[in-house]
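>>> Structure, please.
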Amino acid sequence: MKNEQLHNDQWRNDEDFLRSLPELEPSYSRSKHDVWQELEATMEASPSERVQPETMPAKVRTLRPLLMTVAALLVVLLATTAFFRLYTKTVSAPMGQHLTALLPDGSSIELNAGSVVKYQPLWWRFNREVQFEGEGFFKVQKGQSFEVVSSLGRTIVLGTSFNIYARKNEYKVTCYTGKVRVVSVLSGESTDITPNMQAYIQSNGSLVSEVEEDAATNISWMNDMFFFTGTPVQTVFEEVERQYGVRIQTVGQMNDLYSGNFSRNRSADEVMNMICLSMGLKLEKTSYGYKVSQ
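The predicted model follows:
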């Protein structure tokens, strides 16, 4: 009984202590009504409108500087290759002169007057090709394929010597050493010739090859000698123009055939007198050169 009385007294004392404490109420910055309104608005909003948690931007290593460097190198490489490929050297033998064109590999071309050769010296080690019009004697060093391109035909060799005559509508090749392949641009036909053989392209583009018994006369021009056998006199006058750098005006048809020769050691007057006398033509000296008529 005594213990129960002690317990009750203690409880009353605790209760009195609690009542003695000041009343504390939690302070809220927002009312319950405000909190519910915000929660409802968040639930009704679309996913894109909801506030996303802040994320740190990922560190991405950009490739732009590397790509720009690669692009610049490619531009330089392409420009250099184009320059090497397109840079062209031209050697021309003017009227009245013979010249020698030396090619990068040691090959050479003896150019007759009025002849032109073009080639790419910086690209030579990759492609031995020349563009040629006129008449020339080629000495080609052995190596990869060597090609001569003219308006009417192509000549392909490995290492040999040959003469090409490519003027107006004429194209003929005479082989002296090795083997030469001649291709007609018009017909696509090709033929191989060996020493002392000649190939020429006819007006229809077809190719003809034959033995040239006197092949040496075809390169006599290298020694300033010019031989003609059954050649239209107009063609002979054109050769005189090239060798002496003069102009010859012809009046009337000049289709008669001429057989003979002349040397550049003789003057142009002597050569013209000799040709016109043998052909029964009238020759007149003019301020620009010569006038020839029937």
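
>>> going forward, measure contacts and count neighbours with C-alpha atoms only.
Will do.

>>> Do a quick rundown of the strands in the stretch 151-294 of the chain.
153-157, 161-167, 170-177, 180-184, 190-193, 197-201, 207-211, 225-232, 247-251, 257-263, 282-285, 289-293 (DSSP state E, counting those that start in this stretch).

>>> could you point out where this protein is predicted with low confidence?
Applying pLDDT under 70 to the chain picks out residues 1-62, 80-85.

>>> picking that back up, now render the strands of the stretch 151-294 of the chain as a markdown table, adding mean neighbour count and distance to Gln144.
Formatted as a markdown table, these follow (neighbours: other C-alpha atoms under 10 Å; distance: least, C-alpha to C-alpha, whole Å):
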| stretch | mean neighbour count | distance to Gln144 |
| --- | --- | --- |
| strand 153-157 | 21 | 9 |
| strand 161-167 | 22 | 15 |
| strand 170-177 | 22 | 17 |
| strand 180-184 | 24 | 14 |
| strand 190-193 | 18 | 17 |
| strand 197-201 | 24 | 23 |
| strand 207-211 | 16 | 25 |
| strand 225-232 | 15 | 34 |
| strand 247-251 | 16 | 42 |
| strand 257-263 | 16 | 38 |
| strand 282-285 | 15 | 51 |
| strand 289-293 | 16 | 46 |
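
>>> From Phe227, how far off is Thr235?
Separation of Thr235 from Phe227 (C-alpha to C-alpha, to the nearest Å): 12 Å.

>>> Also Arg125?
38 Å.

>>> go on, Arg242?
15 Å.

>>> Kindly report the same for Asp269.
18 Å.

>>> before we move on, back to that, could you export the strands of the stretch 151-294 of the chain as CSV, including distance to Leu73?
Converted to CSV, these look like this (distance: least, C-alpha to C-alpha, whole Å):
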stretch, distance to Leu73
strand 153-157, 37
strand 161-167, 43
strand 170-177, 45
strand 180-184, 41
strand 190-193, 43
strand 197-201, 48
strand 207-211, 48
strand 225-232, 56
strand 247-251, 54
strand 257-263, 58
strand 282-285, 64
strand 289-293, 58
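
>>> now for those, which one comes closest to Ser145?
Proximity to Ser145 (C-alpha to C-alpha) singles out strand 153-157 among these, at 5.9 Å.

>>> Going by contacts, tell me the helices and strands next to that closest one.
Contact here means 3 or more C-alpha pairs under 8 Å, 6 or more residues apart in numbering; DSSP states H and E; on that basis strand 153-157 packs against strand 146-149, strand 180-184.

>>> Give the pairing partners of the shortest one; include direction for each.
Using DSSP bridges, the neighbouring strands of strand 146-149 in the sheet come out as strand 128-139 (parallel), strand 153-157 (antiparallel).

>>> Repeat that for the longest one.
Strands that pair with strand 180-184, judged by DSSP bridges, come out as strand 153-157 (antiparallel), strand 190-193 (antiparallel).

>>> what's the offset of the longest one from the middle of its chain?
Taking C-alpha atoms, centre = their mean, to the nearest Å, one finds strand 153-157 lying 19 Å from the centre of the chain it belongs to.

>>> what's the angle from that strand to strand 207-211?
Angle, strand 153-157 to strand 207-211, by axes from the mean of the first three to the mean of the last three C-alpha atoms, to 10 degrees: 50 degrees.
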